[in-house]
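K.L.:
Can you look at this prediction? I've put the sequence above it.
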Amino acid sequence: MCGRFAQYCGSMDLEAQFGASLDGAWPPPRDNIAPGSQLLAVRADSAGTRTFTTLQWGLIPRWAKDRQIGNRTINARAETVAEKPSFRAAFRQRRCLIPADGFYEWQASGSGKQPYFIARRDRQPFAFAGLWETWTDPASGARIDSTTIIVTDANDVVRPIHDRMPVILSPSDYRLWLDPGLNRPAPLQALLTPCDPAPLMAYPVDRRVNTPAQDDPALIEPCRRTNQR
């Protein structure tokens with residue numbers, strides 16, 4: 001699964017990598033984004049024009065009676081995303097990219113779960129495969145744009161820590177994933193595989209990341225007493 005990640009890359013780098021712009025102020029850098037938070041994502045309109053937007057993490061399907069379902073839909077499994085009622089409509093029609101500078105995963109040990117930070121060795125941002133929905137609160141009429149991160153089997157870097165990881169898309173696949181005219185599952189499903197492990201690194205970090213209120217650059221620093229993986 002993916003339960004925490006970081007978005008701290010500058011706007012110029014993100015605009016260059018994703019070919020998108022943001023109408024408004026850029027959100028502050030985040031080193032510990034937790035479920036229920038607002039996050040930055042890239043969507044494409046019917047003409048294929050890409051824009052940055054903010055979405056709430058935890059997808060609320062359009063048919064949901066209340067927003068609490070979002071607590072259980074922060075991740076969608078690659079193997080079933082095309083069929084699950086919570087995700088299948090968004091998978092066909094409302095896909096997005098979620099920029100990330102790294103994500104956290106926890107390794108079970110005798111002394112408790114040890115968090116690790118997984119990022120590119122060159123520290124460049126990458127993109128998770130995401131889905132989005134717009135939900136209208138039947139009581140208040142308030143509209144919420146929400147999202148989920150698709151997860152798949154772990155690759156060789158993540159597997160010693162956890163058996164699942166987010167789907168990290170190659171930049172060459174961004175256009176296909178965001179294509180507003182593509183609604184056939186097969187070519188999309190083919191993208192939902194573990195990414196090449198070679199560019200990634202993983203290292204243990206401070207357990208302060210377990211607390212969502214903790215959000216500062218020191219969280220991604222390696223633990224002093226443990227060698228980098």
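P.N.:
Cool, the structure landed.

K.L.:
And Val158, how far from Pro171?
P.N.:
20 Å (Cβ to Cβ, to the nearest Å). All C-beta atoms are positioned from the backbone trio N, CA, C, and that covers glycine.

K.L.:
How about Lys65?
P.N.:
Per Cβ to Cβ, Lys65 is found 39 Å from Pro171.

K.L.:
Give me the more crowded residue out of those two.
P.N.:
Shown here are Lys65 and Pro171; by other Cβ atoms under 10 Å, Pro171 has more neighbours (12 against 9).

K.L.:
Does the more buried one touch Gln17 like I think?
P.N.:
Yes - at 6.9 Å, Pro171 counts as touching Gln17 under the criterion of Cβ atoms under 8 Å.

K.L.:
Settle this for me: Met165 is touching Asn75, isn't it.
P.N.:
No - judged on Cβ under 8 Å, Met165 makes no contact with Asn75 at a distance of 10.4 Å.

K.L.:
Could you pull out the strands in the protein for me?
P.N.:
Taking DSSP state E, the strands of the chain run over residues 5-7, 30-33, 38-44, 50-57, 75-77, 95-100, 102-107, 114-120, 126-136, 143-153, 164-166, 168-169, 200-204.

K.L.:
most packed of those?
P.N.:
Highest mean neighbour count among the strands of the chain (mean count of other Cβ atoms under 10 Å): strand 95-100, with a mean of 25.

K.L.:
helices or strands up against it?
P.N.:
The contact analysis (3 or more Cβ pairs under 8 Å, 6 or more residues apart in numbering; DSSP states H and E) places strand 95-100 against strand 5-7, helix 11-18, strand 38-44, strand 126-136, strand 143-153, helix 174-178.

K.L.:
Redo these as CSV? Include mean pLDDT and distance to Ile118.
P.N.:
Shown next, in CSV, are the helices and strands packed on strand 95-100 (pLDDT from 0 to 100; distance: least, Cβ to Cβ, whole Å):
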stretch, mean pLDDT, distance to Ile118
strand 5-7, 98, 9
helix 11-18, 93, 19
strand 38-44, 97, 17
strand 126-136, 98, 10
strand 143-153, 98, 13
helix 174-178, 97, 20
